[in-house]
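Asks: requesting a structural model of the entry that follows:
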Amino acid sequence: MRRPVANVARGTPANRTHSMDHTGKRKKPHRRSRFRYAGFLALAGAVVLMVWRLASMNFMTTISYKDTGKPQIATQQDLAKPSRVRRNNARSSNNNQGAPPIRNSVTRSDVLGTKNLDMKTKMIASQGLFDQGNKPEETSKGSSGSLKTEKKMEQCGIYMAPSTIPNAGIGMFTGIDRRKGDGVGFGDLVVPIFDQMYHSGKVGSTKPFLWDDYCWVADAVGMYMETSSQEEPRAASPGFGASVNCHLGLINVKEGPTQYDVEGLIRHKDVGVGAFSGYHNRSNVASRDVPQGAELFVDYGSKYFESRFDKYGFIPYKYSYKDADDLLEKYNDTLRTPYKHILDKNTKMEQDLWAMISSGPFESRTSNALPTSFEQMELALNVGTANSFLNDTIRSMAWLQQNGRCIDHIRPGRSTIRQAGRGAFTTRFVPKGTAVSSAPLLHIPDESILFIHERIPNLEFRPNNATLLSKQLLTNYCFGHRNSTMLLSPYSYMSLFINHNSVAEKVNAKVRWVAPDDRPLSHNPDWLNYSVKELTTLYESRLMLEYVALRDIQQGEEVFIDYGPEWQAAWDAHVEAWNKIPKDPNYHGAAEWNADERPLPLPNETRSVPDNVQMRCLRLIERSNYLENLKQKEHFLELEKVSESKSRPCQVLDREINPVTNETFYTVELFIRNTTQTVDQNKTLPVSAKGTIRSAIPRSAIFFLDKSYTSDMHIPTAFRHPIMIPDEMFPDMW
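Replies: I've put the predicted structure just below:
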């Protein structure tokens with residue numbers, strides 16, 4: 001029976017959805033429309049398969065890099081090979097299949113991008129493409145104004161707060177706007193850890209050591225001459241370098257080399273020689289414009305994640321985001337643009353289609369870089385896959401003040417106590433009761449892992465009866481207790497520069513446990529009730545100390561705490577013993593030679609380079625256009641000196657003085673390393689080596705390094721003792 005047209009109400013869904021003929025029946029879709037719609041569905045399926053196939057190519061490449069077909073965790077020797085060995089905060093105790101790692105985990109909804117944000121970020125923000133409503137709720141008033149450098153310290157420049165990466169623990173945030181090239185905070189202290197596998201012994205090599213995931217390789221910071229073993233010395237950078245997280249998609253800070261000096265201490269004159277690290281001032285520079293409130297990220301290197309595949313899985317690499325952008329472009333050109341008229345009428349269809357694409361059957365680094373939501377995909381088409389995550393990494397100042405801690409109250413400088421080396425000085429007025437600094441802790445259940453024994457050649461592990469000689473330098477930067485094997489190693493921004501003062505009136509700060517309800521930071525008070533044996537099985541950082549002002553501390557004042565009476569007694573005994581040890585007044589290390597402004601000696605002169613020091617020249621002078629290269633790289637020569645691959649052993653053959661500038665230039669010979677002409681394990685030049693000769697070389701292209709095991713930290717009698725935790729703080733269970 002026909003239904004009268006008048007019974008079909010206008011404006012109803014039926015009337016909007018279907019066309020009617022004059023009899024009131026629905027019109028059948030045009031055959032061409034049906035074919036076009038069917039063609040769209042077929043093409044959509046083909047696009048889904050194409051994206052899955054292209055994304056899975058990365059999957060197949062990744063899983064086949066081991067002969068077994070299954071990626072494996074690298075050995076301790078392997079971990080020294082990547083460009084960065086920087087460790088993750090913790091090995092997850094609940095890292096079951098499908099569970100995210102504890103720290104620096106980048107899941108499919110957490111990845112960041114690689115596009116240059118210097119100008120594009122401003123464009124994105126001005127167009128309102130980032131939803132400001134996604135930021136955490138503000139609970140207090142934010143600070144007004146911003147600073148460009150660290151010179152003005154009225155406003156906090158660095159915050160420590162919960163990372164924007166889920167399950168990643170703490171992160172580092174900028175409290176001010178930073179332009180590309182601006183310094184980020186103050187230079188880091190770096191502490192070498194060397195030959196640990198040998199000194200720990202075969203049994204000790206299996207003991208947990210949390211610093212394994214936080215260290216950098218020696219070549220990254222310029223300490224490659226410290227040892228001669230195949231296992232490179234590792235660099236513990238216990239300030240910014242250990243606290244900052246990594247997103248291979250949104251690197252905004254570049255970490256530079258260290259400087260090496262011992263603050264003028266001389267081996268035969270100063271009792272404090274070898275008691276502190278000469279590696280310091282590891283610079284941090286913004287690699288792009290960084291807005292106020294953004295989390296700071298450095299580059300660990302893709303090999304860091306590759307060697308920990310079982311833990312992190314398919315973390316997207318830098319190239320993964322470019323591949324994801326290419327896939328989005330193909331998706332847009334193949335499907336969205338040609339069938340825009342269909343998709344505009346049925347948004348739900350495309351949402352379902354993108355959900356199918358983003359949850360494909362093959363997981364890979366590229367697929368994990370793709371946006372997971374339809375809205376994010378649309379944003380990524382406009383600003384790039386990487387940039388579509390930018391807003392998720394920025395916190396408001398109000399949020400940082402409520403949930404984080406300002407950690408740039410102190411800066412490093414030469415200590416007022418000569419034998420202490422460097423100290424910590426306040427950057428602003430610090431009222432009584434204020435946390436001068438906060439220190440997350442890495443627990444070391446067995447202090448013997450830092451013992452140093454006599455070195456026996458050609459042995460991988462020391463024998464059980466090897467003579468104990470000393471301890472790793474890291475010991476001096478740890479907290480301990482006389483009745484326990486437990487050591488607590490801080491990895492906190494600048495706090496390791498805080499010294500001891502034996503004069504009670506000058507002690508202006510103390511340490512205490514962070515209150516569990518203070519801020520949502522990385523401190524679990526339940527851990528204080530665990531035994532040392534139980535803590536051995538917990539491979540993550542969940543303890544935190546803070547340094548609190550005992551009185552008002554004025555700007556520029558050095559901060560001191562009391563290391564405890566046992567530490568003071570150990571120091572007094574060391575001074576007494578040191579005074580009885582014969583001294584060699586003719587010893588001069590690399591630091592003295594680098595600081596010496598006199599002309600470098602020639603082979604026939606009485607003054608000569610000592611046997612404990614090696615002269616090195618930058619490799620760039622090997623090139624035919626080396627004079628032009630030196631001029632172009634004038635401001636980057638210190639960076640060149642960091643990497644062993646960028647310098648060679650050399651010797652001075654002649655020198656001449658420019659009569660106009662009065663500057664001294666040298667003729668040098670660089671010794672070439674190959675199968676027949678090499679430097680032996682002790683980095684000593686072979687007598688028969690012949691190398692490249694270059695003239696008109698400035699002094700800035702020549703430097704000195706201490707030969708293996710000869711720098712101050714290797715002195716067997718150098719002072720070693722941990723900072724003592726007060727009895728009232730130390731847990732009974734430990």
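Asks: could you pull out the helices in the stretch 601-734 of the chain for me?
Replies: 626-632, 637-640 (DSSP state H, counting those that start in this stretch).
Asks: SS state for P412?
Replies: Using DSSP: H, G, I helix; E, B strand; the rest coil, the structure places P412 in strand.
Asks: kindly report the same for the one 4 residues further on.
Replies: Secondary structure state of T416, per three-state DSSP, is coil.
Asks: which residue, other than its chain neighbours, is closest to it?
Replies: E558 (5.4 Å; CB to CB, 6 or more residues apart in numbering). (Glycine included, C-beta is placed from N, CA and C.)
Asks: what residues are up against the one you found?
Replies: By CB atoms under 8 Å, 6 or more residues apart in numbering, the contact list for E558 reads G413, S415, T416, G423, A424, F425, N499.
Asks: pick the one among the residues you listed closest to L538.
Replies: Distance to L538 across these (CB to CB) is lowest for A424, with 29.8 Å.
Asks: quick one: name whatever helix or strand follows the helix or strand of the chain with the lowest mean pLDDT.
Replies: Ranked by mean pLDDT, DSSP states H and E, the weakest helix or strand in the chain is helix 120-127, scoring a mean of 35. Counting by DSSP states H and E, the element after helix 120-127 in chain order, helix or strand, is strand 158-162.
Asks: pairing partners for that next one, with directions?
Replies: On the basis of DSSP bridges, the sheet neighbours of strand 158-162 come out as strand 170-174 (antiparallel), strand 405-406 (antiparallel).
Asks: CA atoms of that strand as PDB?
Replies: Output for strand 158-162, consisting of C-alpha atoms alone and laid out as PDB, is shown next (Å, rounded to 0.1, in the frame of the first residue of the first chain):
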ATOM      1  CA  ILE A 158      65.000  24.300  35.900                       C
ATOM      2  CA  TYR A 159      62.300  22.200  37.600                       C
ATOM      3  CA  MET A 160      62.200  18.600  38.500                       C
ATOM      4  CA  ALA A 161      58.700  17.100  38.200                       C
ATOM      5  CA  PRO A 162      56.800  14.000  37.100                       C
END
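Asks: only the buried residues of that strand, if you could.
Replies: Using 16 or more other CB atoms under 10 Å as the burial criterion, the residues of strand 158-162 that qualify are I158, Y159, M160, A161, P162.
Asks: and what of stretch 359-373?
Replies: G360, E363, S364, R365, T366, S367, N368, A369, L370, P371, T372.
Asks: for that stretch, measure first residue to last.
Replies: Start-to-end span of stretch 359-373 (CA to CA, to the nearest Å) is 10 Å.
Asks: now the strands for the stretch 351-500 of the chain?
Replies: 405-406, 410-414, 422-426, 435-444, 451-453, 468-471, 479-480, 487-490, 499-500 (DSSP state E, counting those that start in this stretch).
Asks: what about the helices in the stretch 451-600 of the chain?
Replies: In order along the chain, the stretch 451-600 of the chain carries the following helices (DSSP H, counting those that start in this stretch): 532-536, 565-578, 590-595.
Asks: same question for the first one: list its buried residues.
Replies: I take that to be helix 532-536. L535, T536.
Asks: so what touches it?
Replies: Among residues not part of helix 532-536, those counted as contacts by CB under 8 Å, 6+ apart are K207, P208, H443, P445, D446, S484, T485, M486, W527, M733, W734.
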